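Chemist: Based on what follows, work out the 3D shape:
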Amino acid sequence: MLTTPTRRKRAATILTLAATLALAAPLAEARPGGSSGGMGSRGSRTHDAPSATTTAPSTAAPIQRTQTQPGPAMGNPGMNPAAAQRPRFGGGFMAGLLGAGLLGALLGSGFSGGLGGIASFIGLLLQVGLLVLIVSFAVRWFRRRQASPAAAGHARSDLSGNGANGTGANGTGMGGTGMGGGLGGNAGRGPVGGALGGMGRGPAPVQPVQARPVQIGPGDFESFEIALNGVQDAYGREDVPALRNLATPEMAGYFVEELRANEAKGVVNRISDVKLLQGDLSESWGEGNAEYATVAMRYAIKDVTLDRRTNRVVETGAPEAVELWTFVRERGGRWVLSAIQQGH
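Modeler: Numbering: from 1, shown residues only. Okay, the predicted model is just below:
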């Protein structure tokens, strides 16, 4: 039988172990963005999985924290909800008139005075048949009238829009990156339908963001490696101004939140000895005046979480990491970090 001091000693040991595990669990992968799965923005591709690479052959973790919300431009661009729900002429309106006439006839107040006898009933049938013929003729007449402006609009488009196709954003290669083209095959289309062709058709459908290929060269890869080391170093030093200089405001905000959470827990994340081991390009594209590049990187890192007061080691992170970093820049400008996703 255990004595009282022994029981107390065992209980204290269990409580200490539980407290240690509770403190350490949230701190695994404490490097920047290491515990979030994915955060930041990739423009119109924020909610799409990056292409697999040799460095990151499996699907990357989806972006869970982002300020970019999915919209109509990321769905089916050919769907126009307003046009789909708009009733056709001669549909519900004419059917309602016909139904009202029949209902009135059945209640004794038909088109010519009710159903007093067989002659009245036959007369009602003749009137209904005549009404159906009139409605069918009217529907065909209005449909032909609506089709004529559309055909005229298409003819005008063919005459005026044939020379508006060339923007240079379709199906080209990307030099030494090994990436295929086809990112912007819809760019630069001419007008469709003309001024008359769009009459009576409601608002135009929302078009997806037009992407264009962006070439990534050795100088860009060097910039990505420098950014990898710079972000990790600034994060380990809790240098917020440096993080704001190296990342987008959105990403810098996430880093600041993580640093404040560490401070509230009484710990600090120290990072050192970062070395890129392997890296390759997943995707590169342009949207408007912005250019994006998603790069898979496997790197070595010394990631240690310390108690702020005692400097005691609380958690030691994995010695290697595989992540996909997305960078953005104004066309011809400097690359800054815009998203981090964990590789699997």
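Chemist: tell me the SS of the nearest residue to E258 once chain neighbours are set aside?
Modeler: Nearest non-adjacent residue to E258, counting by Cβ to Cβ, 6 or more residues apart in numbering: P32, 7.0 Å away. Glycine gets a C-beta too; all of them are placed from N, C-alpha and C. With DSSP: H, G, I helix; E, B strand; the rest coil as the basis, P32 sits in coil.
Chemist: Give me the pLDDT value at P32.
Modeler: Note for P32: predicted pLDDT of 83.
Chemist: Quick one: residues contacting E330.
Modeler: Residues near E330 by Cβ atoms under 8 Å, 6 or more residues apart in numbering: N289, A290, E291.
Chemist: Quickly note the distance from it to V214.
Modeler: 12 Å (Cβ to Cβ, to the nearest Å).
Chemist: Was I right to think P319 contacts R298?
Modeler: No: using Cβ atoms under 8 Å, P319 makes no contact with R298, being 11.5 Å away.
Chemist: between the two, who's got more neighbours?
Modeler: R298 (17 against 10; other Cβ atoms under 10 Å).
Chemist: Please name the bridge partners of the more buried one.
Modeler: Q278, V322 (DSSP bridges).
Chemist: What separation do you get for it and A247?
Modeler: For R298 relative to A247 (Cβ to Cβ), the value is 21 Å.
Chemist: cool, A261 as well?
Modeler: 17 Å.
Chemist: Where does G332 sit: helix, strand or coil?
Modeler: Here G332 is recorded as coil under three-state DSSP.
Chemist: Next, the contact list for it, please.
Modeler: By Cβ under 8 Å, 6+ apart, G332 has no neighbours at all.
Chemist: Give me the residue ranges of this protein where confidence is low.
Modeler: 1-30, 35-36, 71-121, 124, 142-209 (pLDDT under 70).
Chemist: which residues in it form strands?
Modeler: For the chain, the strands defined by DSSP state E cover 38-40, 211-213, 267-287, 290-307, 313-316, 320-330, 336-342.
Chemist: Which elements pack onto the longest one?
Modeler: So the one you mean is strand 267-287. Counting by 3 or more Cβ pairs under 8 Å, 6 or more residues apart in numbering; DSSP states H and E, the packing neighbours recorded for strand 267-287 are strand 211-213, helix 218-236, strand 290-307.
Chemist: now these as CSV including distance to K275?
Modeler: Listed next are these as CSV, based on distance: least, Cβ to Cβ, whole Å:
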stretch, distance to K275
strand 211-213, 31
helix 218-236, 8
strand 290-307, 5
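Chemist: ranking the contacts of E330 by neighbours, who comes first?
Modeler: E291 (23 neighbours).
Chemist: Touching, that one and R334? I think so.
Modeler: No: contact status for E291 versus R334: not in contact, 11.0 Å apart, counting by Cβ under 8 Å.
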